[in-house]
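A.B. asks: heads up, no residue letters with this:
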């Protein structure tokens with residue numbers, strides 16, 4: 001769970017009235033994020049563009065790493081445990097002729 005300081009929490013009503021001010025604080029680095037509350041529940045977080053892009057890239061790299069690890073696990077499968085593609089199709093009641 002991410003922690004938020006008191007000055008990073010703002011109600012949706014306050015955000016709608018002072019959006020420009022909060023946007024400037026994020027842009028100028030005064031705030032690293034702003035969490036928007038509606039009915040005392042966290043609904044959204046505003047981040048600087050650079051932070052958002054960094055998070056997207058990190059997520060993509062993590063997904064690639066997970067795929068790489070899965071491929072490596074599969075490459076460790078002994079050939080005796082391989083399943084023939086025709087058997088898989090038959091088990092799933094599928095055919096390449098369909």
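C.D. replies: Great, that's in hand. Values in this document were obtained by computation on a predicted structure and should not be read as measured data.

A.B. asks: number of nearby residues for residue 18?
C.D. replies: 13 (other Cβ atoms under 10 Å). Heads up, the C-betas are built off the backbone N, CA and C, glycines and all.

A.B. asks: give the closest residue to it in space, chain neighbours not counted.
C.D. replies: Excluding the flanking residues, the one nearest residue 18 by Cβ to Cβ, 6 or more residues apart in numbering is residue 10, at 7.9 Å.

A.B. asks: for the one helix or strand the one you found maps to, packing partners?
C.D. replies: Assessed by DSSP states H and E, residue 10 sits inside strand 9-11. Applying 3 or more Cβ pairs under 8 Å, 6 or more residues apart in numbering; DSSP states H and E, one finds that strand 9-11 contacts strand 34-38.

A.B. asks: chain center to the strand it packs on, what's the gap?
C.D. replies: On the basis of Cα atoms, centre = their mean, to the nearest Å, strand 34-38 sits 19 Å off its chain's mean C-alpha point.

A.B. asks: also stretch 42-62?
C.D. replies: Worked out by Cα atoms, centre = their mean, stretch 42-62 lies 8 Å from the chain centre.

A.B. asks: all helices for this protein, in order.
C.D. replies: For the chain, the helices defined by DSSP state H cover 12-17, 19-27, 49-75, 85-91.

A.B. asks: the ones you listed: which one's closest to residue 5?
C.D. replies: Proximity to residue 5 (Cβ to Cβ) singles out helix 19-27 among these, at 12.5 Å.

A.B. asks: so what secondary structure elements neighbour that closest one?
C.D. replies: By 3+ Cβ pairs under 8 Å, 6+ apart, helix 19-27 packs against strand 34-38, strand 41-46.
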